[in-house]
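okay, structure incoming, though there's no sequence with it:
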């Protein structure tokens, strides 16, 4: 409770199960991530509640075979892969699954973020499925022009290659009109993105919208808002 910065971090770990934790800090507390993972393989985070002022879960470089399930998240910034491309030589992120979770009043739902810098990093084989969004500002977001303070932002393209990301059965409400935003690198477009059975609504009588930039993939089933993916 009320950590001065990240509450719990796994760095360089293998085959760790974290179950039934409660990580709590005020919603306006900066950099108080709940659970951070990097350079780790075979981690499971399940049945835990995170209510903080920053990411509920932050997934850093070198994370592989990470399973998150039954996560009540909020307040906070949602579940984030990244930020990536902090360094030129950076390990990738792969085989990540988030399922059966609820986001309430968070800044983001599921987010992938990278700085607009050269990088050897990548993100692949990610599954976001069976999620409920309740008044979330950015339910689905990829941001490869990440620059949180909007000062000194680089104009280069992100070197992080994002591929094989699936969003399946994600439903609920967006606190902003743009419920889905996929902004990918100009030099490394996102590929093999799959949207399946998405239903995100805005205010009654005003439909939500989506925005894509250099995002390629496939839409299956009912997609609301209308998919912006390039086939």
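Now that the structure is in, tell me what you want to look at. None of these values were measured; they are calculated from a predicted model.

let's test this: mean pLDDT of stretch 162-182, rounded?
Mean pLDDT, computed over stretch 162-182, is 98.

chain center to that stretch, what's the gap?
10 Å (Cα atoms, centre = their mean, to the nearest Å).

kindly report the same for stretch 43-55.
Averaging C-alpha coordinates over stretch 43-55 and over its chain gives two centres that are 13 Å apart (Cα atoms, centre = their mean).

gap between the residue of the chain most remote from its centre and residue 25?
What lies farthest from the middle of the chain is residue 205; by Cα atoms, centre = their mean that is 28.0 Å. In this structure, residue 205 lies at 36 Å from residue 25, with Cβ to Cβ, to the nearest Å as the measure. C-beta: built from backbone N, CA, C; applies to glycine.

same thing with residue 5?
For residue 5, the distance to residue 25 under the criterion Cβ to Cβ works out to 10 Å.

neighbour count: the two, which is higher?
residue 25 (25 against 13; other Cβ atoms under 10 Å).

surely that one meets residue 1?
Yes - counting by Cβ atoms under 8 Å, residue 25 touches residue 1, with 7.1 Å between them.

determine the three-state secondary structure at residue 17.
In the three-state summary, residue 17 is assigned as strand, counting by DSSP: H, G, I helix; E, B strand; the rest coil.

surely it touches residue 44?
Yes - counting by Cβ under 8 Å, residue 17 does reach residue 44; the two are 4.6 Å apart.

who has more neighbours out of these two?
More neighbours surround residue 44 than the other of residue 17 and residue 44, with 16 against 10 (other Cβ under 10 Å).

isn't the more buried one up against residue 20?
No - between residue 44 and residue 20 there is no contact, the gap being 11.8 Å when judged by Cβ under 8 Å.

so, low pLDDT: which residues of this structure?
Low-confidence segments of the chain, defined by pLDDT under 70, span residues 152.

swap in 90 and give it another go.
For the chain, the stretches flagged by pLDDT under 90 are 147-156, 203-206, 230-231.
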